[in-house]
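> everything below, folded, please.
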Amino acid sequence: MRDKVRERLKTDEGKQKYKKRMYTIKPTFGHMKYNLRYMMFHLRGLEKVSREFKNVLKSLNL
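Predicted coordinates for the structure are as follows:
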């Protein structure tokens, strides 16, 4: 499976998609961690953590 993924990334289309992904997702999480200082969840349990994370994303307008 990894070989298939590597082959897809070597194509021009794969390189373009990966380049686009690199610039749209990572800055958002970096902003959350370093500027908002949001590095851990404050609640416990999958449902509560999910709600908490959704609220953070809503505040970032995602």
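> can you list contacts of stretch 46-54?
41-43 (CB atoms under 8 Å, 6 or more residues apart in numbering). C-beta coordinates here come from the backbone N, C-alpha and C atoms, glycine included.
> what mean pLDDT does stretch 42-58 get?
For stretch 42-58, mean pLDDT rounds to 92.
> gap between it and the chain center?
Offset of stretch 42-58 from its chain centre (CA atoms, centre = their mean, to the nearest Å): 15 Å.
> one more: stretch 6-22?
17 Å.
> tell me which other helices or strands the host helix or strand of R6 touches.
Using DSSP states H and E, R6 falls within helix 2-10. Applying 3 or more CB pairs under 8 Å, 6 or more residues apart in numbering; DSSP states H and E, we find helix 2-10 packed against helix 12-24.
> M39 in helix, strand or coil?
Of the three states, M39 takes coil according to DSSP: H, G, I helix; E, B strand; the rest coil.
> could you pull up phi and psi at the closest residue to it other than its chain neighbours?
Nearest residue to M39, sequence neighbours excluded (CB to CB, 6 or more residues apart in numbering): K33, at 5.5 Å. Main-chain torsions, K33, degrees, to the nearest 10: phi -70, psi -50.
> can you give me the pLDDT of M39?
Reading off the model, M39 has pLDDT 86.
> that one and T11, how far apart?
From M39 across to T11, the span is 36 Å (CB to CB, to the nearest Å).
> would you quantify the distance from the residue nearest to M39 to V49?
K33 is 16 Å from V49, by CB to CB.
> what residues does stretch 5-15 touch?
Y18.
> hang on, the earlier thing: now the contacts of stretch 46-54 as CSV including neighbour count?
Shown next, in CSV, are those (neighbours: other CB atoms under 10 Å):
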residue, neighbour count
F41, 13
H42, 8
L43, 11
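> which one of those residues is nearest to R2?
F41 (30.8 Å; CB to CB).
> and that closest one, how far from S59?
Taken as CB to CB, the span from F41 to S59 is 15 Å.
> please apply the same query to K26.
18 Å.
> just L43 next, same as before
Taking CB to CB, one finds L43 at 16 Å from S59.
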